[in-house]
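Chemist: Okay, sequence plus prediction incoming.
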Amino acid sequence: MRVLITGATGLVGQEIVKLCHSKNILVNYLTTRKSKISKDHNYKGFYWNVDTREIDTNCFTDVDAIIHLAGASISKRWTDSYKKEIINSRVESTQLLIDTLKGESHNIKQVVSASAIGIYPDSLTNYYDQTHKTISDSFLGKVVHAWETAVDGFSKLDIKISKVRIGLVLSNKGGALKEIVKPIKFGAGAAFGSGEQWQSWIHIEDLARVFVFVLEHNLEGVYNGVAPNPVSNTELTKTAAKVLKKPLILPNIPKFAMKLVLGDMHIILFESQRVSSKTLEDKGFVFEYNCLKPALEHLLG
């Protein structure tokens, strides 16, 4: 099997590439940097540029499926121009793949696209699964809706579509966890706002396994890429402090303070989405990291 991965050099992409190689799945990847192009048979690089709509069509040769992760990082300050970039990078990269495939003969049967749980409205009481129809009116809700709608365009090419709505990814190589534990390590850790908001998290190794599982089992539809046991922000902070053997002495950090520091992006820390992983488990997926404490011990220990 050979897969084409967009966003292969990102945090999640690197983990998926590693897992593919361990299962003898060959990888093609798209990159915007010509200096990063590898000619290795197991890991072949191809150039693309979404802005100029350039793509090396050789990237599709012998490919059975696409894992589509590409998109500008959401963990940068959301200026108006950067907000546009966050949406456009997702929608236009998807459109470029679809438009290019229309003119190619190919053997691609499936696309597994990243998405995000930010599509679900902020709620302390709801327990969301993928059948929930109301879309969050937040900026992230708009991003995910535009992204998923663009991905639906693959269906016109008779390509099976799967979407993995990703939660809070826990990794020791980057992403949110590093930022969460930074103040805790200095004895300045605290929960955000009421601390009651739900955080639907997933260990990065499990997330990579979700993508490859959906691929290998040829699953169609929407799956929530979250562990089975979401926690409150307070529990997340307390567990991280416990694992790091650090005290938590500060009062909770108010919303207005984080808005001053992060601007609109502060909603990532204050939105509450309790999300179910049951559909994945019903398909036979087994999480290595069901509970937060062992996941954090593995990453922070």
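Modeler: Now that the structure is in, tell me what you want to look at. Model, not experiment: these values are computed from the prediction.

Chemist: can I assume S89 is in contact with S73?
Modeler: No - with contact defined as CB atoms under 8 Å, S89 does not count as touching S73 (9.3 Å). In this view, the C-beta of every residue, glycine as well, is placed from N, C-alpha and C.

Chemist: what are the ranges of the helices in the protein?
Modeler: Ranges of helices within the chain are 11-22, 80-102, 139-151, 176-185, 204-216, 233-244, 255-262, 267-270, 278-282, 292-300, based on DSSP state H.

Chemist: Identify, out of the ones you listed, the most deeply packed stretch.
Modeler: Highest mean neighbour count of the helices of the chain: helix 204-216, a mean of 22 (counted as mean count of other CB atoms under 10 Å).

Chemist: How about residues contacting it?
Modeler: The contact list for helix 204-216 (CB atoms under 8 Å, 6 or more residues apart in numbering) reads 3, 11-12, 15-16, 18-20, 23, 25, 65, 67, 110, 112, 162, 164, 166, 169-171, 173, 175, 202, 219, 223, 225, 227, 280, 283, 285, 287-289.

Chemist: could I have that helix exported to CSV, CA atoms only?
Modeler: The C-alpha trace of helix 204-216 is given here as CSV (Å, rounded to 0.1, in the frame of the first residue of the first chain):
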residue,chain,number,x,y,z
ILE,A,204,-0.6,11.6,19.8
GLU,A,205,0.3,7.9,19.3
ASP,A,206,-3.3,6.9,19.5
LEU,A,207,-4.2,9.7,17.1
ALA,A,208,-1.8,8.3,14.5
ARG,A,209,-3.2,4.9,15.1
VAL,A,210,-6.8,6.2,14.5
PHE,A,211,-5.8,7.6,11.1
VAL,A,212,-4.1,4.3,10.0
PHE,A,213,-7.0,2.2,11.5
VAL,A,214,-9.6,4.2,9.4
LEU,A,215,-7.3,3.7,6.4
GLU,A,216,-6.6,0.0,6.8
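
Chemist: Report the angle between it and helix 176-185.
Modeler: Here the directions of helix 204-216 and helix 176-185 differ by 170 degrees (axes from the mean of the first three to the mean of the last three CA atoms, to 10 degrees).

Chemist: Quick check: mean pLDDT of helix 204-216?
Modeler: Throughout helix 204-216, pLDDT has a mean value of 98.

Chemist: next one: stretch 78-88
Modeler: Rounded mean pLDDT across stretch 78-88 is 96.

Chemist: isn't G189 right up against A240?
Modeler: Yes - look at G189 against A240 with CB under 8 Å: they come within range, at 7.2 Å.

Chemist: shared neighbours of those two, anything?
Modeler: V181.

Chemist: that older thread, can you flag the buried ones in the contacts of helix 204-216?
Modeler: 3, 11-12, 15-16, 19-20, 25, 65, 67, 110, 112, 162, 164, 166, 169-171, 175, 202, 219, 223, 225, 227, 280, 285, 287, 289 (16 or more other CB atoms under 10 Å).

Chemist: For stretch 117-126, which residues meet the burial criterion?
Modeler: Result for stretch 117-126 [16+ other CB under 10 Å]: buried residues 117-123, 126.

Chemist: again, but for stretch 270-279
Modeler: Buried-residue list, stretch 270-279, by 16+ other CB under 10 Å: 271-277, 279.

Chemist: and what of stretch 45-56?
Modeler: Buried-residue list, stretch 45-56, by 16+ other CB under 10 Å: 45-48, 50, 55-56.

Chemist: residues making contact with that stretch?
Modeler: 28-32, 34, 36-39, 58-59, 70, 89, 92-93, 96-97, 99-100.

Chemist: That's all I had, so thanks and see you.
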